[in-house]
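1. I'd like to go over a predicted model; first the sequence, then the structure.
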Amino acid sequence: MKKITLSALLLLTTILSACGSSSKETPPIDNTPKAVIPPTIPAEKVANLESYLWAFDAESPIKSTAALSKTHVFFGTDKGIVYALNIGDGTKSWQRNIGSKVSGNILYAENTVLFLSLNGIFHALNAETGDTLWSIATATESLLDVWDYHTNSPIYQNNRIYLASKSGTVYALNITDGAVIWSYNLNEKLRGTPLIMDNNLYISSETGVFSINTLNGSENWHKAKNMPSSPAIESGILTVGTRAGIIAGYDAITGDNVWSLSHGTNWVTGDALAYNGAFYIGSSDDFKFESIDATTGQLNWSVNSGKNVFSKAVIANDIIYITSGDAYSAPGTGYIKSYDLTGKKLWSLKGSNFFSSPVINDNAIFLGSDDGYFYSVALTQE
């Protein structure tokens, strides 16, 4: 894809102005396709113009992770606005004010945009129009503290939406109408994104990790941990990071402890990504992003993330993409970085806080920032 530079934009503007300057003649009808000019890229990003395919000014910090359809990207802001943008050029298709901060990550499934807002309402919007299809009330999704970005987010499987809430209740919902198939109260403040393997649902709370039977909502096992991140499973091992500085590995079926990796006093705040026999996870004040052998818990390699990691990495074509941000200032400094599977850095792009996880298609990375912009970033950099 050829990118439009600033000089090209100025030249295009001059040409268009010249063509329309005469009021004495009616210009001929021109049906040839016009170049699509990306939305304005902020001045401080101009030096990196080739890195950003487009940028959309949402006028509010964006911490929740976006979702993609084939044609659109969907995201929400701290002001409670949900947007649908064209993934090719960033033009807005619709926006919806839901009246409360979008606290959870966005999910796209069955032409529906699903997410939880801070006031505890779970929303299902029509992906084409933004109109409400259905909604249910859970409980207020109050954040634990200013450093807690693991708000509750839904997942989808076999026409069901699975959602945990701060109220302690896990829901299995019909995606068509929001009907409750089953619900189970764990009497814990639940957090993060659930995970399903076979007929088991895994979810973290502020004090531990649970395994739940998805057929009836009954509890399989529970392990106490201090503020665990969202669970991931690889090679039969479930792992979470914890605020106590531990990355823990459990047998996913029995819940037995298998291994433990210490980060000392540094919180392991990222959500683990499971891939090809390893976990990939980031931590907080020690600015680490690591690859860990899933079976043994041994460290494969460790690199400098640049800032605090509260997100989940993504891998495409054996390339890892990670994000980070400064938990102690806003908008703060953040990074998007790319590595190969050996831990070799391929490129790094500096910006403002990136607390959301990256989402990607074949051409670009999509993510929001504390600076109020939502970005499309080229997958490869010079």
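-> Arrived safely, thanks for sending. Numbers count the residues shown, from 1 in each chain.

2. From now on I want contacts and neighbour counts done on CA atoms only, so please keep to that.
-> OK.

3. looking at this structure, which helix or strand is least sure?
-> In the chain, no helix or strand scores lower on mean pLDDT, DSSP states H and E than helix 6-19, which sits at a mean of 34.

4. Poorly predicted segments of the stretch 201-350 of the chain, please.
-> Regions of the stretch 201-350 of the chain meeting the criterion pLDDT under 70 are absent.

5. Which stretches in it count as strands?
-> Remark: strands assigned in the stretch 201-350 of the chain by DSSP state E, counting those that start in this stretch are 208-213, 219-224, 232-234, 237-241, 246-251, 257-262, 273-275, 278-282, 288-293, 299-304, 314-316, 319-324, 333-340, 345-352.

6. Including mean neighbour count, could those strands go into a markdown table?
-> Shown next, in a markdown table, are the strands of the stretch 201-350 of the chain (neighbours: other Cα atoms under 10 Å):
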| stretch | mean neighbour count |
| --- | --- |
| strand 208-213 | 22 |
| strand 219-224 | 16 |
| strand 232-234 | 23 |
| strand 237-241 | 28 |
| strand 246-251 | 22 |
| strand 257-262 | 16 |
| strand 273-275 | 21 |
| strand 278-282 | 27 |
| strand 288-293 | 22 |
| strand 299-304 | 15 |
| strand 314-316 | 18 |
| strand 319-324 | 25 |
| strand 333-340 | 21 |
| strand 345-352 | 17 |
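
7. ok, back up a step: and the helix or strand following the least confident helix or strand of the chain, which strands flank it?
-> Next in sequence after helix 6-19, counting helices and strands by DSSP states H and E, comes strand 52-57. Sheet partners assigned to strand 52-57 using DSSP bridges are listed as strand 373-378 (antiparallel).

8. mean confidence for the strand it pairs with?
-> Strand 373-378 shows a mean pLDDT of 94.

9. swap in stretch 51-66?
-> Here the average pLDDT along stretch 51-66 is 92.

10. circling back to that earlier point, out of the strands of the stretch 201-350 of the chain, the one nearest Leu114 is which?
-> Nearest to Leu114, of all the strands of the stretch 201-350 of the chain, is strand 314-316, at 20.7 Å by Cα to Cα.

11. Check which helices and strands the closest one is in contact with.
-> With contacts taken as 3 or more Cα pairs under 8 Å, 6 or more residues apart in numbering; DSSP states H and E, strand 314-316 sits against strand 319-324.

12. outside of the strand it packs on, which residues touch it?
-> 305-315, 334-341, 353-358 (Cα atoms under 8 Å, 6 or more residues apart in numbering).

13. If we use 7 Å, what do you get?
-> Outside of strand 319-324, the residues within contact range by Cα atoms under 7 Å, 6 or more residues apart in numbering are 305-311, 313-315, 334-341, 353-355, 357.

14. Run the angle between it and strand 278-282 for me.
-> Inter-element angle recorded for strand 319-324 and strand 278-282: 30 degrees (by axes from the mean of the first three to the mean of the last three Cα atoms, to 10 degrees).

15. Direction included, what does strand 319-324 pair up with?
-> Counting by DSSP bridges, strand 319-324 is paired with strand 314-316 (antiparallel), strand 333-340 (antiparallel).
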